[in-house]
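Participant: predicted structure and sequence below. I'll ask about it afterward.
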Amino acid sequence: MVTKTINLTRPITTESPAGSLFPWEAPYRTEEIATLTYNGANLFHITMGSGSATRLLGPALGSPAGATTDQFPPERLVNRAAVVVDCPPGPDGEISADQVTAALAAADLRTGDAVVLVTGWGDDPARFTTEEFYLDSPHLSVEAARTLGELLGRNSSDLLLTDCVYLDRPGGEHARTEWTELRPWLRPVFPSDAAKTYLAHYRPEKVRQDWAATLALTGSVWTVAGLVGCGALSGRRVRLTLAPLPVQGVGEVPCTVVAQVSADDGAPAEPVFSSGDQT
């Protein structure tokens, strides 16, 4: 069978506002250590938050006893059978439990499948540099997250992937109004004193509300958020390979995701990358 390979990973770039909108995020930055012109080699100091771009979220995100991302068994990262589930959000961007249930019922879901929940949000690379792409992202209702967890558990499915940038409404009710809606100069990015002071007052009762869907889902299902280019997968069964950064002891980490799909429908057989670049 002829296949094509599609990169579903959002590029990490300094042009993106990702990492600068919420107090727990840190923007992607590079600083030259050595240059090709002066030193004969290009070396960089890189900083970014654990939630940069496409990322894997595990049980340790919300539980001290939960598995960390480096504990995801490596054999379950490679060549995973997956079903693509189309699930457009409602007019307010929220995905309901009924929508999730109907979408899974209509899909060719097989025991143990990974599930790719596609809203279409990540299909336009021109939007990746806009704040709206992050702040207006589709998201799961709490009941939808719980329903997903239950349905996937019954199917022995341990992995959900989605092109939603965040699983909850970005920023929830507290961080969105108390931080993100301020003027940019009043919310300097982490590790500013302002961000640290806000987080000192961002206690569990607020987190449980702002992150309710995330905590409900990741407590039982490994989840990848922030996929892009999923329009190329619509209605398909695919094979997925995940490559999370091997950082120890964290509940969230940047992750590369690639899909292999059949090219027998006349599509090009060479690798296709969501950034538009080919190698």
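Facilitator: On my side now, so go ahead.
Participant: and the longest strand for the chain?
Facilitator: strand 252-262 (DSSP state E).
Participant: alpha carbons of whichever helix or strand Val116 is part of, as CSV, please.
Facilitator: When elements are assigned from DSSP states H and E, Val116 belongs to strand 114-118. In CSV, the C-alpha atoms belonging to strand 114-118 read as follows (Å, rounded to 0.1, in the frame of the first residue of the first chain):
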residue,chain,number,x,y,z
ALA,A,114,-6.3,6.1,19.4
VAL,A,115,-8.9,8.8,18.6
VAL,A,116,-8.2,12.0,16.7
LEU,A,117,-10.9,14.5,17.4
VAL,A,118,-11.0,17.0,14.6
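Participant: hmm, what's the outermost residue in the chain?
Facilitator: Most distant residue from the mean C-alpha position of the chain: Tyr38, 37.9 Å away (C-alpha atoms, centre = their mean).
Participant: quick check on that one: phi, psi?
Facilitator: Phi and psi for Tyr38, reported as degrees, to the nearest 10, are phi -90, psi -40.
Participant: what's the answer for Asn79, then?
Facilitator: Torsion angles, degrees, to the nearest 10, at Asn79: phi 60, psi 40.
Participant: surely it meets Leu242?
Facilitator: No: the pair Asn79 / Leu242 is not scored as a contact, 10.2 Å apart, by C-beta atoms under 8 Å. In this view, the C-beta of every residue, glycine as well, is placed from N, C-alpha and C.
Participant: which one's more surrounded, the two?
Facilitator: Higher neighbour count among Asn79 and Leu242: Leu242, with 23 against 10, using other C-beta atoms under 10 Å.
Participant: hang on, the more buried one in a strand?
Facilitator: Yes: according to DSSP: H, G, I helix; E, B strand; the rest coil, Leu242 belongs to a strand.
Participant: run through the bridge partners of the residue lying closest to Arg239 once chain neighbours are set aside.
Facilitator: Distances taken as C-beta to C-beta, 6 or more residues apart in numbering put Gln260 closest to Arg239, at 4.4 Å, once the chain neighbours are dropped. Per DSSP bridges, residues listed as beta-bridge partners of Gln260: Thr5, Arg239.
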